[in-house]
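> Here is the input, now give the coordinates:
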Amino acid sequence: MLIFRQLFDQQSSTYTYLLADGGTREAVLVDPVFEQARRDAALLDELGLHLLYTIDTHVHADHVTGAWMLKQRTGSQIAISAASDAQGADRYLKHGDTIAFGARHLEVRATPGHTSGCISLVLDDQSMAFTGDCLLIRGTGRTDFQQGNPHALFRAVHEQIFSLPETCLLYPAHDYRGLTVTSVAEERRFNPRLGGELCEDDFAGYMTNLGLAHPRQIDVAVPANMKCGVAPGDPSKKPEPDWAPLTYTFAGIWEIHPQWLEEHLQSVQIIDVRERDEYDGPLGRIPEAKLISLGELAVRAKEIGNERPIVTVCRAGGRSAQATVILRQAGFEDVANLAGGMLRWRAEGRVVENGGV
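The predicted structure follows:
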């Protein structure tokens, strides 16, 4: 069984693709984004996958790759085209290479034109392909910087992508309209830049006259990506919280485990977001937990101090997860959800006040 996920970074409109072999749990990530490395690592952990490779389809100009960061987190190897001239990769890919994960593999096809080092990746059964910025949904990557060449791009698309089966699904590295997937048959017929009866000269003329502004992040992204994402130096990147051993979930929530919390009750503030009858009910409550129901939390957040980190708790962990979002919006940074809530707390025999037997 193939495990497949299409992930999205809203700021750069970048798609990241996770593929894994369901038997061996070996995985690859295509075009990861630096700011989403924490999210991607959480998904890998939740699905029980072992990341073998991150693969960049080219040196991106609009975001910094997450390849280096994920290597630090997971031990994965970095793969990129040998023609990219990027430094620091573990594997440099050439046309015809294969990247194996379990019993599955991706075939590397050189598709230059957007940049000189662009590649596309074709799944072993040719049911899907990942085209980077070479071919987009009803569009193509631009050809006016990073050794771009419209003639090379036209030929690459026709020879390496349009030669795939018509039913092959095509997944681009970007889409700015919310579109997620296309097919070889669709793009052959409907792509307004190089589909239908359009010839190479038509395409070159079209691309030469686009008149697009340079990507806003190009001065940061390209130098960082030439080093596979090493040390982008962006001061906006927040460090990992270090006040407790927290777990980051794919849903975007920091969670804390009951054992650590029980051992450090005096070093945190516990906010119980259940209703009063639950707080006083048979599940009991954690000692010194302050009751502020979820519906009142946004208004009463000013009652909570900043001197200690905050742990939110509810019956099963759902409402308290939302409480962490509310508290962060209110300006609190050191906030975590009690994983499993009071149900897990009681099941593990943790200390309670006012609880029934």
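> Next secondary structure element downstream of the helix or strand bottoming out on mean pLDDT in the chain?
Sorting the helices and strands of the chain by mean pLDDT, DSSP states H and E puts helix 218-225 at the bottom, at a mean of 88. Counting by DSSP states H and E, the next helix or strand C-terminal to helix 218-225 is strand 247-248.
> Residues contacting the helix or strand following that following strand, please?
Later in the chain than strand 247-248, the nearest helix or strand by DSSP H and E is strand 254-256. Contact with strand 254-256 is made by 241, 244-249, 311, 317, 324, 335-339, as judged by Cβ atoms under 8 Å, 6 or more residues apart in numbering. Using the backbone N, CA and C atoms, a C-beta is placed for each residue, glycine as well.
> What are the boundaries of the helices in the stretch 1-150 of the chain?
37-47, 67-74, 150-156 (DSSP state H, counting those that start in this stretch).
> could the ones you listed go into TSV alongside mean pLDDT?
Formatted as TSV, the helices of the stretch 1-150 of the chain follow (pLDDT from 0 to 100):
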stretch	mean pLDDT
helix 37-47	96
helix 67-74	95
helix 150-156	97
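> so who does the closest residue to residue 146 other than its chain neighbours touch?
Spatial nearest neighbour of residue 146, chain neighbours left out: residue 115 (4.2 Å); criterion: Cβ to Cβ, 6 or more residues apart in numbering. Residue 115 makes contacts with 58-59, 84, 133, 141, 146-148, as judged by Cβ under 8 Å, 6+ apart.
> Pipe the helices of the stretch 1-150 of the chain into CSV and attach distance to residue 24 and mean neighbour count per row.
Shown next, in CSV, are those (distance: least, Cβ to Cβ, whole Å; neighbours: other Cβ atoms under 10 Å):
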stretch, distance to residue 24, mean neighbour count
helix 37-47, 13, 19
helix 67-74, 16, 22
helix 150-156, 32, 22
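> For residue 178, which of the ones you listed is the nearest?
helix 37-47 (19.1 Å; Cβ to Cβ).
> from what I can see residue 26 touches residue 101, true?
Yes: contact criterion Cβ atoms under 8 Å: residue 26 and residue 101 qualify, at 4.3 Å.
> list the residues that contact both of these two?
With Cβ under 8 Å, 6+ apart, residue 26 and residue 101 have common neighbours 20, 52.
> which stretches of the stretch 201-350 of the chain have low pLDDT?
231-238 (pLDDT under 70).
> Please enumerate the strands of it.
Assigned by DSSP state E, counting those that start in this stretch, the strands in the stretch 201-350 of the chain fall at 247-248, 254-256, 269-272, 290-291, 310-313, 335-338.
> so can I have a markdown table of these showing distance to residue 208?
Compiled in a markdown table, these are given as follows (distance: least, Cβ to Cβ, whole Å):
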| stretch | distance to residue 208 |
| --- | --- |
| strand 247-248 | 45 |
| strand 254-256 | 49 |
| strand 269-272 | 60 |
| strand 290-291 | 65 |
| strand 310-313 | 56 |
| strand 335-338 | 52 |
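> mind listing what the closest residue to residue 230 other than its chain neighbours touches?
Among residues not flanking residue 230 along the chain, residue 68 sits closest, at 4.7 Å (Cβ to Cβ, 6+ apart). When the contact criterion is Cβ under 8 Å, 6+ apart, the partners of residue 68 are 78, 88, 227-231.
> Which single one of the residues you listed is nearest to residue 15?
Each of these was checked against residue 15 using Cβ to Cβ; the closest is residue 229, at 17.0 Å.
> any idea how this structure splits into domains?
The chain breaks down by automatic domain parsing into domains covering 2-225, 247-347.
> Columns distance to residue 354 on top of those, output as a markdown table?
Shown next, in a markdown table, are the domains of the chain (distance: least, Cβ to Cβ, whole Å):
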| stretch | distance to residue 354 |
| --- | --- |
| domain 2-225 | 34 |
| domain 247-347 | 5 |
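> Tell me the pLDDT of the residue nearest to residue 146.
With respect to pLDDT, residue 115 has a value of 95.
> Quick check: phi and psi at it.
Backbone torsions of residue 115, given as degrees, to the nearest 10, read phi -130, psi 170.
> Please report how far it lies from residue 134.
9 Å (Cβ to Cβ, to the nearest Å).
> if I look at these two, which residues touch both of them?
Joint contacts of residue 115 and residue 134 (Cβ under 8 Å, 6+ apart) are residue 141.
> still on that earlier bit, can you tell me which of the contacts of residue 115 is nearest residue 218?
Looking across those and measuring by Cβ to Cβ, the closest to residue 218 is residue 146, at 8.9 Å.
> All set, thanks.
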